[in-house]
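> 3D, please:
(one chain, ligands or ions: 2)
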Amino acid sequence: MSSFSLRDRLLGWRDAILSSPRFQRFAAVFPLTRGVARRRAGAMFDIVAGFVYSQILLACVQLRLFDLLRDRPLGVDELALRLSLPPESMRMLLDAATALKLVQPRSGGRYGLGQLGAELCGNPGVLALVEHHAMLYRDLADPLAVLRGPRGGGELAAYWAYVRGEGAAELGADQVLPYTALMAASQPMIAREVLHVVSFKDHRCLLDVGGGDGSFLSAVAAQTPGLRVMLFDLPAVAAKAAERFDANGLAGRASAIGGSFRDDALPEGADIVSLVRIIHDHDDDVVTALLRAVHKALPDNGKLVIAEPLAGPPGRESSTDAYFAVYLRAMGTGQGRTFARLRELLEEAGFGDIRLHSGPMPMVASVITAIKRPDVLI
Ligand SMILES: CC(C)=CCC/C(C)=C/CC/C(C)=C/C=C/C(C)=C/C=C/C=C(C)/C=C/C=C(C)/C=C/C=C(C)/C=C/CC(C)(C)O
Ligand SMILES: C[S@@+](CC[C@H](N)C(=O)[O-])C[C@H]1O[C@@H](n2cnc3c(N)ncnc32)[C@H](O)[C@@H]1O
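Ligands and ions are numbered 1, 2, ... in the order given. Predicted structure coming up:
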């Protein structure tokens, strides 16, 4: 067994001090440490209470409270009547939401949007994401069952019907449309991140693998008039995308091809390929095969664009990493990966010039580009 490093020993010494009730009592009152002690207690309280905060937000979203308050401030009794809640529950929810800056008291005892509530109103994608968390919360009611049980035994895994892998191409519309609608609702914020750092104007044809209902391709096509776009997704999803392309007047330069990237070759002819919120859904064996398939479909020097939230490097993990690790565990496949790990997988699949671009909101998605190395035969 390897011996403990100097850092390990220093951290052990720190832990012994911080966990001592005597030190805690002293630090909470001593003027030079009191502020830090309060902040640490607050941080711990937020972790303990986080689930309760989430439920307050979920209740507001399920009641469509922000939509109502967006029009004009309303009083407790009117809100209680319109939302079918007892007035005292309505007041309790409004006060709790006030404390979380979701709503804000206005004149005459009325309530309007709070700062965060107003920002949520500008993000229908986040509202849709919040709502689907009801499934995750039900799965997490027993966190040890999620950790000990087989991966993906719960409600969230059933919702993401493709995670089982085999037979995905046979999934029917009823199994894919709920998650496809969620992805479409939350797609604009992802497309903004990508379009902020990647220009498609020097390309002929973009293939979006796992492209959902075509929301991403529609956003790119709107910005890039000469570009042809192709979408590859499970047949029932691709059918939905074809409808959207028609509705958006893109039928002349957009096509949607149904298939499974686990079993079928990717369509050829694109000089740029995108994988948007795809890789983190899958384990390394599937990702390796998918990156090789993309490599095969691209011409020499063709470009790959990856967009998804990245895990922080060791020592710089963030709360987003904790969130996605648990989310994907409940979902049943996949993992958050660091840029370094994605770079390894990309290099193994024959890509070079691998770059991480800094966009406005990396919590939502980071963007990586890579170029097919002409000298590598995979
Ligand atoms: C106006 C005045 C007076 C002053 C201005 C002050 C100022 C500059 C204020 C800033 C206002 C502003 C622009 C605020 C913007 C706020 C924004 C953009 C907030 C965005 C929040 C985004 C959130 C909370 C995103 C959450 C995302 C989640 C939970 C994502 C979940 C993703 C999942 C589950 C993905 C699933 C896909 C799968 C299956 C893993 O592949
Ligand atoms: C998390 S969603 C992302 C959708 C879209 N790219 C977006 O960001 O809005 C993953 C997508 O990959 C598709 N997908 C999953 N497994 C697939 C497979 N084996 N072959 C083709 N598409 C697949 C799903 O149907 C879904 O549309």
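
> Could you list the contact residues of the chain toward ligand 1?
119, 123, 126, 129, 160, 277, 280-281, 327, 331, 364 (C-beta under 6 Å from any ligand atom). C-betas here are computed from N, CA, C, even on glycine.

> among those, which ones are buried?
123, 126, 129, 160, 277, 280-281, 327, 331, 364 (16 or more other C-beta atoms under 10 Å).

> Distance to residue 190, secondary structure and pLDDT added to the residues you listed, as JSON lines?
Conversion of those to JSON lines gives the following (distance: C-beta to C-beta, whole Å; DSSP: H, G, I helix; E, B strand; the rest coil; pLDDT from 0 to 100):
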{"residue": "123", "distance to residue 190": "12", "secondary structure": "coil", "pLDDT": "93"}
{"residue": "126", "distance to residue 190": "12", "secondary structure": "helix", "pLDDT": "97"}
{"residue": "129", "distance to residue 190": "11", "secondary structure": "helix", "pLDDT": "98"}
{"residue": "160", "distance to residue 190": "17", "secondary structure": "coil", "pLDDT": "97"}
{"residue": "277", "distance to residue 190": "7", "secondary structure": "coil", "pLDDT": "98"}
{"residue": "280", "distance to residue 190": "13", "secondary structure": "helix", "pLDDT": "97"}
{"residue": "281", "distance to residue 190": "14", "secondary structure": "helix", "pLDDT": "96"}
{"residue": "327", "distance to residue 190": "16", "secondary structure": "helix", "pLDDT": "96"}
{"residue": "331", "distance to residue 190": "18", "secondary structure": "helix", "pLDDT": "95"}
{"residue": "364", "distance to residue 190": "7", "secondary structure": "coil", "pLDDT": "92"}
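
> and which of those residues is nearest to ligand 2?
residue 277 (3.6 Å; C-beta to the nearest ligand atom).

> My read is that that closest one contacts residue 365, right?
Yes: in this structure residue 277 lies within contact range of residue 365 using C-beta atoms under 8 Å: 7.2 Å.

> Quick check: residue 305 is in a strand.
Yes: judged by DSSP: H, G, I helix; E, B strand; the rest coil, residue 305 forms part of a strand.

> dump the residue contacts of it.
194, 198, 272-276, 367-369 (C-beta atoms under 8 Å, 6 or more residues apart in numbering).

> Could you measure from it over to residue 182?
22 Å (C-beta to C-beta, to the nearest Å).

> What is the burial count for residue 311?
23 (other C-beta atoms under 10 Å).

> So it sits against residue 322, correct?
No: using C-beta under 8 Å, residue 311 is not in contact with residue 322, being 9.8 Å away.

> near ligand 2, which residues of the stretch 251-378 of the chain show up?
Proximity of the stretch 251-378 of the chain to ligand 2, by C-beta under 6 Å from any ligand atom, involves residues 260-262, 276-278, 281.

> Switch the residues you listed over to CSV; also include secondary structure.
Converted to CSV, those look like this (three-state DSSP):
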residue, secondary structure
260, coil
261, coil
262, coil
276, strand
277, coil
278, coil
281, helix
